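K.L.:
Here you go, sequence then predicted model.
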Amino acid sequence: MVKQATAGVIESPQYEVIIIGAGVAGIYQLYRLRERGVNATVVEAAADLGGTWFNNRYPGCRFDSESYTYGFSFSKELLNEWHWKERFSGQPENLRYLNHVATKFDLRRHMQFNAKVESATFDETYDLWRLHLADGRDLTGRFLITGLGLLSAPTLPRIAGMESFKGPSFHTYYWPHEPLDLKGKKVAVIGTGATGVQVIGEIADKVAELTVFQRRPNWCAPLNNGPILDEEMAAIRARYDEIFETCLRTPGGFEHEPDRRGFYEVSAEERKALWDRLYAEPGFGIWLCNFREIFTDEVANAEFSEYIAGRIRARVNDPVLAEKLIPKDHGFGIQRVPLETRYYEAYNRDNVHLVDIQETPIERITPTGIRTSQRDFEFDIIVYATGFDAITGSFDRIDFRGVGGQRLRDKWADGPSTFLGMQVNGFPNFITVAGPQSGSASTNFPRGIEVGVDWVMSLFDYTWKHGYTRMEATPEAETRWTNHVAKMYSTMLMRKAKGWFTGYNSNVAGHEHGKVRYFVYNGGAPKFRATITQVAAENFKGIEFRKLGETAPSQETDLEPALGLARQQA
Ligand code: NAP
């Protein structure tokens, strides 16, 4: 049965592929498509490329992945010519790197900036997406790929009087791009997540007074950053193959591998020896090279949390203040761990003050500062380090409409449901590369992104080889994957945490009650890769394909063997 297109005229899309977002995912996706000569474009709301690294300009903003595990792995030439100057490189250099990549591979001319997508609607007659941009333009593309970023929809608190403040006040995501003089200023920072912790450590000795408004403390650990000199960079280049192989093998896509010994198989002294070593090492080792029971077993987690509490007490001079900085409502590592530089030491300075807003809540923002239940504070600058409407927030901000006009934001109101974190039933030709519930969302982002994009290219190869114009995950495949993702949360202590891993956000109506949303795949990068590879090997079981005009799928679908493989390996 062939559908009747208007007067027999078939509308061809302007682009074969439209990618939304010129961050790490958008850049790599575009590179792969252009390599094949595909007619593709990137539309980016910001004034230039870089995504996270374009937008976040706050002091202290840097990787907490080792720089050389964060860069793209696809080009030996690129790897050999780029010198990462620091083990955990800062935002300005990260942005320079992404610009270097775009220039080197001539990608910039396929990108459109200040091109904010307001809506995207699937046209079932012609199997294409119609995008409407804020500047009034309309674009059409056969396939739509989102590289929106999982932490790119900033959220402000809802506090009375915020607009009345006379000085500069902004979310960290909107830290001014032009230099902001902090010298001699009284600064307030609200929020102590990974961002707040970076800002506080960086500006404590640069401002006149710094007052931190903390709702709940986080478990933080030292970043232990340092320079990478020529000789070390040469050694890193020589072992790039090995580095990326290790990243492929580890659950988090880092060089850090879990300690395979059982927590209870080794003595308390051996556990402490491991933790002493990891605490002194750079990066996420303290989280990811730990015993696996830390993530699943309350007793093991409590022992380790007490170890870290001891470290905090040793670094903060005032014992009462130290206790305020130690989380009491959750254990170490079940929320995203902020890595810090001089964070705890900042509180030993006379010009740094902590306000526990559980004890003395903020009542309002005044024209000159902040009023708590206890007193008025005067500030020159207020910084909101209050986080993001994580994972699905950037999707909700675009009016995506699938089959029958269904809205994605309605479908995902109680949390995302996806097939492999990359396809959504009811939204044909829509690919959420490195999206919610994908393996990429819970790993060292670029490592997961490369795996996701490469899989998408194999999906395109299959689609184009057969002349299909429409692809869509089946409802059964989506339900099974989403249940699989949800089931994995049940074994993790993480499910009890009030952080963005579980969809908690006190600043977004409907998401402040702690109803768990299953955002990330917790099976680890290798299992995720094995699963999607198997799906590809089985002709993309779980995805239906059609040619223009066909009203029934061209292929039988059955996901069970693919997920069976994942379960065997789990
Ligand atoms: P976040 O982890 O969600 O932290 C937000 C902070 O603001 C929390 O301390 C939160 O308190 C507080 N807060 C939120 N709303 C508030 C309100 N209405 N009143 C008072 N306090 C409020 O956000 P983030 O720090 O921006 O980090 C988000 C994620 O971005 C990180 O987990 C990480 O994945 C990523 N990130 C990465 C890096 C890096 O090094 N590569 C750096 C920064 C961020 P509660 O805890 O009580 O909710």
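P.N.:
Arrived safely.
K.L.:
For the stretch 101-250 of the chain, just list every one of the strands.
P.N.:
111-112, 117-123, 128-133, 138-146, 169-171, 186-190, 209-214, 221-222 (DSSP state E, counting those that start in this stretch).
K.L.:
Same list (those) but as JSON lines, adding mean neighbour count.
P.N.:
Glycine gets a C-beta too; all of them are placed from N, C-alpha and C. As requested, these are arranged in JSON lines below (neighbours: other C-beta atoms under 10 Å):
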{"stretch": "strand 111-112", "mean neighbour count": "18"}
{"stretch": "strand 117-123", "mean neighbour count": "19"}
{"stretch": "strand 128-133", "mean neighbour count": "22"}
{"stretch": "strand 138-146", "mean neighbour count": "22"}
{"stretch": "strand 169-171", "mean neighbour count": "19"}
{"stretch": "strand 186-190", "mean neighbour count": "24"}
{"stretch": "strand 209-214", "mean neighbour count": "23"}
{"stretch": "strand 221-222", "mean neighbour count": "22"}
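K.L.:
Which one of these lies nearest to the ligand?
P.N.:
strand 186-190 (5.2 Å; C-beta to the nearest ligand atom).
K.L.:
Does that closest one reach the ligand?
P.N.:
Yes - residues of strand 186-190 are located near the ligand by C-beta under 6 Å from any ligand atom, namely residue 190.
K.L.:
Sheet partners, orientation included, of that strand?
P.N.:
Using DSSP bridges, the strands paired with strand 186-190 in its sheet are strand 209-214 (parallel), strand 381-384 (parallel).
K.L.:
Enumerate every residue touching residue 68.
P.N.:
84, 228, 236, 240, 243 (C-beta atoms under 8 Å, 6 or more residues apart in numbering).
K.L.:
before we move on, back to that, make JSON lines out of the strands of the stretch 101-250 of the chain and add mean pLDDT.
P.N.:
Formatted as JSON lines, the strands of the stretch 101-250 of the chain follow (pLDDT from 0 to 100):
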{"stretch": "strand 111-112", "mean pLDDT": "98"}
{"stretch": "strand 117-123", "mean pLDDT": "98"}
{"stretch": "strand 128-133", "mean pLDDT": "98"}
{"stretch": "strand 138-146", "mean pLDDT": "98"}
{"stretch": "strand 169-171", "mean pLDDT": "98"}
{"stretch": "strand 186-190", "mean pLDDT": "99"}
{"stretch": "strand 209-214", "mean pLDDT": "98"}
{"stretch": "strand 221-222", "mean pLDDT": "98"}
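K.L.:
Distance to residue 437 for those strands - can I get that in a markdown table?
P.N.:
Below are these laid out as a markdown table (distance: least, C-beta to C-beta, whole Å):
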| stretch | distance to residue 437 |
| --- | --- |
| strand 111-112 | 27 |
| strand 117-123 | 20 |
| strand 128-133 | 21 |
| strand 138-146 | 13 |
| strand 169-171 | 26 |
| strand 186-190 | 30 |
| strand 209-214 | 31 |
| strand 221-222 | 27 |
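K.L.:
hang on, the earlier thing: out of the strands paired with strand 186-190, which is closest to residue 155?
P.N.:
Among those, strand 381-384 comes nearest to residue 155, with 8.9 Å by C-beta to C-beta.
K.L.:
three-state assignment of residue 299?
P.N.:
Following DSSP: H, G, I helix; E, B strand; the rest coil, we place residue 299 in the helix state.
K.L.:
For it, give its distance to residue 212.
P.N.:
As judged by C-beta to C-beta, to the nearest Å, residue 299 and residue 212 stand 32 Å apart.
K.L.:
Return the residues in contact with whichever residue of the stretch 151-300 of the chain sits closest to the ligand.
P.N.:
The nearest approach of the stretch 151-300 of the chain to the ligand comes at residue 193, 2.1 Å away (C-beta to the nearest ligand atom). The neighbours of residue 193, taking C-beta under 8 Å, 6+ apart as the test, are 218, 336, 338, 385, 387.
K.L.:
neighbour-wise, which of those leads?
P.N.:
Using other C-beta atoms under 10 Å as the neighbour test, the contacts of residue 193 are led by residue 387, with 26 neighbours.
K.L.:
Next up, the contacts around that residue.
P.N.:
Residue 387 touches 154, 155, 191, 193, 195, 500, 505, 507, counting by C-beta under 8 Å, 6+ apart.
K.L.:
want to try JSON lines for the residues you listed, with pLDDT as columns?
P.N.:
Formatted as JSON lines, the contacts of residue 387 follow (pLDDT from 0 to 100):
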{"residue": "154", "pLDDT": "98"}
{"residue": "155", "pLDDT": "98"}
{"residue": "191", "pLDDT": "98"}
{"residue": "193", "pLDDT": "98"}
{"residue": "195", "pLDDT": "98"}
{"residue": "500", "pLDDT": "90"}
{"residue": "505", "pLDDT": "90"}
{"residue": "507", "pLDDT": "93"}
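K.L.:
which one among those residues gets closest to residue 355?
P.N.:
residue 191 (12.1 Å).
K.L.:
Is that closest one in contact with residue 362, as I believe?
P.N.:
No - Residue 191 is not in contact with residue 362 according to C-beta atoms under 8 Å; the separation is 11.6 Å.
K.L.:
Geometric centre of the protein: which residue is closest?
P.N.:
residue 150 (4.0 Å; C-alpha atoms, centre = their mean).
K.L.:
Touching stretch 489-498 from outside, list them.
P.N.:
216, 295-298, 301, 329-331, 334-335, 501-502, 504, 514, 516, 518, 522.
K.L.:
same thing but at 7 Å, please
P.N.:
For stretch 489-498, contacts defined as C-beta atoms under 7 Å, 6 or more residues apart in numbering pick out 295-296, 298, 301, 330-331, 334-335, 501-502, 504, 514, 516, 518, 522.
K.L.:
chain center to it, what's the gap?
P.N.:
Per C-alpha atoms, centre = their mean, to the nearest Å, the displacement of stretch 489-498 from the mean C-alpha position of its chain is 18 Å.
K.L.:
give me the element the nearest residue to residue 524 once chain neighbours are set aside is part of.
P.N.:
Excluding the flanking residues, the one nearest residue 524 by C-beta to C-beta, 6 or more residues apart in numbering is residue 251, at 3.2 Å. Residue 251 belongs to no helix or strand when elements are defined using DSSP states H and E.
K.L.:
and the protein, which residues reach the ligand?
P.N.:
63-64, 151, 157, 190-196, 198, 215-216, 336, 357, 385-388, 500, 506-507.
K.L.:
For the protein, which residues score under the pLDDT cut-off?
P.N.:
1-8, 514, 555-570 (pLDDT under 70).
K.L.:
Next, the buried residues of the biggest helix by length in it.
P.N.:
Scanning the chain for the longest helix, with DSSP state H as the assignment, gives helix 445-466. Of the residues in helix 445-466, 445-457, 459-460, 462-463 count as buried by neighbour count, 16 or more other C-beta atoms under 10 Å.
K.L.:
what does stretch 28-46 contact?
P.N.:
Contacts of stretch 28-46 (C-beta under 7 Å, 6+ apart): 15-22, 26, 54-55, 72, 105, 107, 110-113, 115-117, 145, 147, 433, 449-450, 453, 457.
K.L.:
Among those residues, which lie within helices?
P.N.:
Reading helices off the contacts of stretch 28-46 with DSSP H, I get 26, 54, 55, 449, 450, 453, 457.
K.L.:
Where does residue 94 sit: helix, strand or coil?
P.N.:
helix.
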